[in-house]
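**Q** Take a look and give me a structure for this.
(2 chains)
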Amino acid sequence: MALYVTAKTLDNKVFYTNEKIYMPIPQQLGRGQKMGRGPYEKSGLIHDSALPPRKTTKESFMIPVYTESEEEGKLIRTQIAQDFVVEVEIWYLPYGKKDDPGNAQKWFSVTKNLHLPADEK
Amino acid sequence: MKRISKKMLLALGLVGPLLLAHANAEEQKAKTIAELVARYDSSSCVDCHMKEYDEWNKSLHARSIFGPLEVGRTAATFITTIENGLKEWPHSGVKTREDVGVKHLMVCAKCHLPQLQDAEDSVAREIVQNLYAFAEDPEDEEIKDTLLSLNINCLVCHNRNAITHKWTEGYPDVKTVYGSKTGPHDDPAYPTMKASTIMGESILCGQCHGLGPNFELDNPTQCATLYGSHLFAYIPDGGKHTCQECHMRKSGLGHDMQAYRSPEMVKMALDVEVEANAFQWRDVNTMTPAAHLLVEITNKAGHAIPDG
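**A** Sure thing, here's the model as predicted:
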């Protein structure tokens, strides 16, 4: 399962992406630090980031809405947009990819419209 | 019975002359797929339980070795298991696909076809032949129907797997269906019905939906870990619901027990809250335009999401 965050300008230019993966990482044949892929070689777990039952998982994202450049040794930050959108999607990806019709399932999506005050010093 | 097509009958195991009574299960093992299908023939259930049949027919239980959709993903994974597992492991005894016997297929069939235990190696070889034949010609409907005829049907849950504690309650009686009531049952093949002690309990589902590595196998496999998560994470945190309560009753899906593909189950699984704001963060003269996003995901299911 994956959580995707994308920030875009109103004309659809992506300026920020991030993702979080939630899944158990099965151990290969119950030994070592390598993940087992098929059920026939999975035994045990190395790590587990799956969403635990009856718990709330909080994810916090700080999204920079600027580009950085340098002019005469001075850091300049240029605001990308005053109005922009942040899209949040949660996908169930049994085979690890979105492009998998019938298997990959979009479980949740929302778009937040955001407005920044003008950059007036 | 008018609503039942030939394909449906095959899926349910009505295969005419090769029909064998389930009562023979302990006497001799099935020698062919047709015999195994006949031994677990649930076709007579449909006469009275059409609603349950229709629900079940939409579920993955109805295509447990073929898999979802039309591509036969589960069937393909059986082949991967043979090619990348059994044939690669030096002590499996499998050098070619013809060497695959029941004990080898049980690494998958423990859950995808538990009744394979009631078959001889010839059935395992026939299944393997069909798996490879389907991979070579996915348009062959006859092969597909053969693979679909092997499934988790009424008799697997309501008879074969209906008793977990056999020293306590005895072994499932081959002429009895186990459900919610005790009394006579209007089916000559199964004239008795008996209230099951576990039909509404999570342990029924836990037989397949996983604790972790299947240690009873010579080479343990691990597909699902849901029941382990249910026992060791959900219950300790105060969870009270059984698998059946959510996947059958609250979802309204009945015998169409679904998981991540079902909108009903998805709605029940997660609560998601999203908050966002934008601001100018100021460090002396440097303005930092930014946004903060907080996503809170609450897992309301009786197990971790996902498992595996």
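**Q** So for chain A, the centremost residue is which one?
**A** Nearest to the mean C-alpha position of chain A, counting by CA atoms, centre = their mean, stands A:Glu19 at 1.4 Å.
**Q** who's in contact with that one?
**A** A:2-5 (CB atoms under 8 Å, 6 or more residues apart in numbering or on different chains). In this view, the C-beta of every residue, glycine as well, is placed from N, C-alpha and C.
**Q** For B:Asn161, give me its contacts.
**A** Taking CB under 8 Å, 6+ apart as the test, what B:Asn161 contacts is B:114, B:204, B:207-208.
**Q** can you tell me which residues contact B:Ala259?
**A** Taking CB under 8 Å, 6+ apart, one finds B:247, B:265 in contact with B:Ala259.
**Q** pLDDT averaged over the helix or strand containing B:Val37 - what is it?
**A** According to DSSP states H and E, B:Val37 maps onto helix B:33-39. Per-residue pLDDT over helix B:33-39 has a mean of 97.
**Q** all strands in chain B, in order from the N-terminus.
**A** B:176-179, B:183-184, B:192-195, B:270-283, B:286-299 (DSSP state E).
**Q** thinking again about what came up before, want to throw the contacts of B:Asn161 into TSV with distance to chain A, neighbour count and pLDDT?
**A** Output for the contacts of B:Asn161, formatted as TSV (distance: CB to the nearest CB, whole Å; neighbours: other CB atoms under 10 Å in any protein chain shown; pLDDT from 0 to 100):
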residue	distance to chain A	neighbour count	pLDDT
B:Pro114	15	18	97
B:Leu204	19	22	98
B:Gln207	16	18	97
B:Cys208	12	21	96
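**Q** want to throw those residues into JSON lines with distance to B:Asp187?
**A** Formatted as JSON lines, those follow (distance: CB to CB, whole Å):
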{"residue": "B:Pro114", "distance to B:Asp187": "22"}
{"residue": "B:Leu204", "distance to B:Asp187": "21"}
{"residue": "B:Gln207", "distance to B:Asp187": "24"}
{"residue": "B:Cys208", "distance to B:Asp187": "25"}
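**Q** so of those residues, which ones are in helices?
**A** B:Leu204 (DSSP state H).
**Q** Identify the farthest-apart pair in the contacts of B:Asn161.
**A** B:Pro114 and B:Leu204 (12.5 Å; CB to CB).
**Q** returning to that earlier point: mean neighbour count, the strands of chain B: which tops it?
**A** strand B:176-179 (a mean of 22; mean count of other CB atoms under 10 Å in any protein chain shown).
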